[in-house]
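Enquirer: this one's structure only:
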């Protein structure tokens, strides 16, 4: 199984809703949505999602019926984070990633870093649940750790010839 897989209708639907509601100027951008099926860590933190600019090579390889010239950005969503969270947190994840995009007056696009730990605009929008990301990180870490332990157990069982030693 490939590490990366195509986004499903749930991710696409929430993405389109967030763009329409919060980022209408981005409706003409071509953003490829994919899931990452493996745990990612950056700067000692679990990565729920990320967005990256598409290089000329990626643009070439990503041409399809939606993006005839290729995609401008690739949004990568941790599949487990998506599956384990509710619709409100899903919107938060996508909104956060889209805040990284900046298009200047000339139409030149680039990615921005955070203006604080998150984005000021996101902090205000998340005032009703300021610990949502911590809650999701805790849940996701627990799930990944549980899977790691299960894999160890499976390896031991296989090495010993099955549960009954056969």
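Expert: Noted; the coordinates are in hand. Predicted model, so just to flag it, every value in this text is computed and none were measured.

Enquirer: Contacts only, for the closest residue to residue 71 other than its chain neighbours.
Expert: Counting by CB to CB, 6 or more residues apart in numbering, the nearest residue to residue 71 once its immediate chain neighbours are dropped is residue 32, at 4.1 Å. Every C-beta, even on glycine, is put in place using the N, C-alpha and C of the backbone. If you count contacts by CB atoms under 8 Å, 6 or more residues apart in numbering, residue 32 has them with 54, 62, 67, 71, 73-75.

Enquirer: So the spatially most central residue of the chain, which state does it fall into?
Expert: The central residue of the chain, meaning the one whose C-alpha is nearest the mean C-alpha position (CA atoms, centre = their mean), is residue 77 at 2.0 Å. Assigned by DSSP: H, G, I helix; E, B strand; the rest coil, the conformation of residue 77 is strand.

Enquirer: For residue 55, see how far away the nearest residue to it once chain neighbours are set aside is.
Expert: Setting aside the residues directly before and after it, residue 77 is nearest to residue 49 in space (CB to CB, 6+ apart), at 4.7 Å. Taking CB to CB, to the nearest Å as the measure, residue 49 and residue 55 are separated by 20 Å.

Enquirer: Compare these two (neighbour count), which wins?
Expert: Neighbours per residue (other CB atoms under 10 Å) separate residue 49 from residue 55, with residue 49 holding more: 20 against 11.

Enquirer: ok, the more buried one touching residue 80?
Expert: No: contact criterion CB atoms under 8 Å: residue 49 and residue 80 do not qualify, at 11.5 Å.

Enquirer: residue contacts, the residue nearest to the centre of the chain?
Expert: With contact set as CB under 8 Å, 6+ apart, residue 77 has these partners: 7, 11, 33-36, 48-49, 93.

Enquirer: Go through those and flag which are in helices.
Expert: Secondary structure assignment (DSSP state H) places 11, 93 from the contacts of residue 77 within helices.
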